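> Structural data only, the sequence is not supplied:
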């Protein structure tokens with residue numbers, strides 16, 4: 001059974017920042033419109049610029065919307081680049097149209113663009129966080145951190 005099932009609806013202005021879902025295998029089905037996934041393998045964090053950021057969420061309060069730190073002591077990896085223009089080698093592109101199902105393995109770096117009026121659903125299944133794939137992705141992440149710390 002999936003860990004989560006989600007419905008996504010949005011327009012061309014809805015673009016994700018580059019990220020990776022390390023804990024989930026992702027099955028993504030487009031029902032209407034079109035999505036474009038820019039993809040890099042789990043080893044990409046070895047060469048992508050990244051930084052640690054406090055986990056926060058947009059929250060609506062009595063005075064309007066505000067960005068609220070959920071756990072100031074907890075940070076998340078933020079890939080600080082545009083996969084469309086700032087990566088070498090260039091990102092692979094997967095265009096997902098109505099009726100298409102994309103399997104996105106855990107750990108793959110992706111940035112998602114969509115057309116206006118796009119409707120999609122996805123299912124996240126827990127990924128095994130051990131073995132060669134996990135170790136390779138973790139090594140790449142740590143190499144990227146060391147490269148940035150040393151100013152390269």
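Arrived safely, thanks for sending. The shown structure was predicted, so the numbers you read here are calculated from the model rather than taken from an experiment.
> and residue 19, what is it in contact with?
Each residue near residue 19 by C-beta atoms under 8 Å, 6 or more residues apart in numbering is listed here: 79, 109-111. C-beta coordinates here come from the backbone N, C-alpha and C atoms, glycine included.
> now swap in residue 122 and tell me
Residue 122 neighbours (C-beta under 8 Å, 6+ apart): 5-6, 8, 26-29.
> Nearest to residue 100 among those residues?
Residue 100 has its nearest neighbour among those in residue 29, at 7.4 Å by C-beta to C-beta.
> Give me the sheet partners of the host helix or strand of residue 36 and which way each runs.
If you go by DSSP states H and E, residue 36 is part of strand 35-40. The pairing partners recorded for strand 35-40 under DSSP bridges are strand 92-96 (antiparallel), strand 109-114 (antiparallel).
> With respect to residue 84, which of those strands lies nearest?
Among the strands paired with strand 35-40, the nearest to residue 84 by C-beta to C-beta is strand 109-114 (7.1 Å).
> could you give the angle of the following helix or strand past the closest one to strand 92-96?
Following strand 109-114 in sequence order, the next helix or strand is strand 118-126 (DSSP H and E). Interaxial angle of strand 118-126 relative to strand 92-96 (axes from the mean of the first three to the mean of the last three C-alpha atoms, to 10 degrees): 120 degrees.
> Give the buried residues for strand 118-126.
118, 120, 122-124 (16 or more other C-beta atoms under 10 Å).
> ok, residue 66 touching residue 59?
Yes - between residue 66 and residue 59 there is a contact under C-beta atoms under 8 Å: 6.0 Å.
> Give me the below-cutoff pLDDT ranges for this structure.
129-134, 151-152 (pLDDT under 70).
> What ranges does it have for its strands?
Remark: strands assigned in the chain by DSSP state E are 4-10, 19-20, 24-32, 35-40, 50-61, 64-79, 92-96, 101-104, 109-114, 118-126.
> Pick the most deeply packed of the ones you listed.
strand 109-114 (a mean of 22; mean count of other C-beta atoms under 10 Å).
> Give me the contact list for that one.
Contacts for strand 109-114 (C-beta under 8 Å, 6+ apart): 10-12, 14-20, 33-42, 44-45, 48, 79, 82-84, 91, 104, 120.
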